[in-house]
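1. For reference, the sequence and a predicted model appear below.
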Amino acid sequence: MQHRRIAKRYARSLFLAGKKSNLTDSFGQELALFGTVVRETEGLVEFLSNPTQSLERKSELLASITKQNPVSDDFQRFLDLLVSNERAQLLPQIHDAFQELLNQERKALKGTVGSATPLSSKQLQDITAALESSTGYSVELENYVNEDFIAGFRVEVGDVVLDNTVAGQLGQLTENLLKASL
């Protein structure tokens, strides 16, 4: 939880700097690249988190990545700041927090909708339209299948969860019965 809060602070700082210099999209792309590299490179998070590794070695490693994938001077300074503050391992979380800020700015929400069977494009459009109508934001949903749901669907957008599954309703019924019997 502490790391998430720290990542949000760095993301907000980068976002505000990007807005001021009209570079939010550029920063978002550069952050996405580094977030992906850190997530997908085995052992990189451990290396960046390791206090026994010198800041110089960490800087050299990130410099080798930027050599292959050039970034703006402003973003390079941001990376240097992360390394000097021993926060470079938070790049994936910073990316996620930055994307949330960007989506809020654009009045866009991303979420998932789970169902027992794959939803048709019409069903997905109907759920998306209902969410857009109730939130006033544009909504992008990704469908996933979870056979444990039995029937119905479960929508997760940000911190909001709408559970309209049979499994969810049975769980709620069980919980209510247990409370009533106490």
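-> Cool, the structure landed.

2. can you pull out the strands in this protein?
-> Applying DSSP state E to the chain gives strands spanning 108-115, 138-145, 152-157, 160-165.

3. Pull out the buried residues from stretch 107-122.
-> By 16 or more other Cβ atoms under 10 Å, the buried positions in stretch 107-122 come out as Leu109, Gly111, Val113, Gly114, Ser115, Ala116, Leu119. Just so you know, the C-beta spots here come from the backbone N, C-alpha and C atoms, and that holds for glycine as well.

4. nearest to Thr36, of the strands of the chain?
-> strand 108-115 (16.5 Å; Cβ to Cβ).

5. Mind checking the pLDDT average for stretch 130-146?
-> Stretch 130-146 comes out with an average pLDDT of 89.

6. Dig out what Val157 forms beta bridges with.
-> Beta-bridge pairing for Val157 (DSSP bridges): Gly111, Val160.

7. Max pairwise distance over the buried residues of stretch 107-122: which two?
-> Farthest apart among the buried residues of stretch 107-122 - using Cβ to Cβ - are Leu109 and Ala116, which lie 23.7 Å from each other.

8. Which strands and helices lie in contact with the longest helix seen in the chain?
-> The longest helix of the chain (DSSP state H) is helix 2-21. In terms of contacts (3 or more Cβ pairs under 8 Å, 6 or more residues apart in numbering; DSSP states H and E), helix 2-21 is packed against helix 24-40, helix 73-84, helix 91-105.

9. for the chain, which spans come out with low pLDDT?
-> 1, 181-182 (pLDDT under 70).

10. where's the most centrally placed residue in it relative to Asn103, distance?
-> Residue closest to the mean C-alpha point of the chain, counted by Cα atoms, centre = their mean, is Asp96 at 3.4 Å. From Asp96 over to Asn103 the distance is 11 Å, taken as Cβ to Cβ, to the nearest Å.

11. Likewise for Asn176?
-> 35 Å.

12. which one of the two has more residues nearby?
-> Asn103 (16 against 10; other Cβ atoms under 10 Å).

13. quick one on the thing from earlier: take the helices and strands packed on helix 2-21 and lay them out in a markdown table including distance to Gly171.
-> Listed next are the helices and strands packed on helix 2-21 as a markdown table, based on distance: least, Cβ to Cβ, whole Å:
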| stretch | distance to Gly171 |
| --- | --- |
| helix 24-40 | 32 |
| helix 73-84 | 42 |
| helix 91-105 | 28 |
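
14. out of those helices, deepest packed?
-> helix 91-105 (a mean of 20; mean count of other Cβ atoms under 10 Å).

15. List the contacts of that helix.
-> 3-4, 7-8, 10-12, 14-15, 19, 24, 27-28, 31-32, 34-35, 37-39, 45, 82, 109-110, 158 (Cβ atoms under 8 Å, 6 or more residues apart in numbering).

16. Apply 6 Å and report the result again.
-> Ala7, Lys8, Tyr10, Ala11, Phe15, Gly28, Leu31, Ala32, Phe34, Gly35, Val38, Arg39 (Cβ atoms under 6 Å, 6 or more residues apart in numbering).
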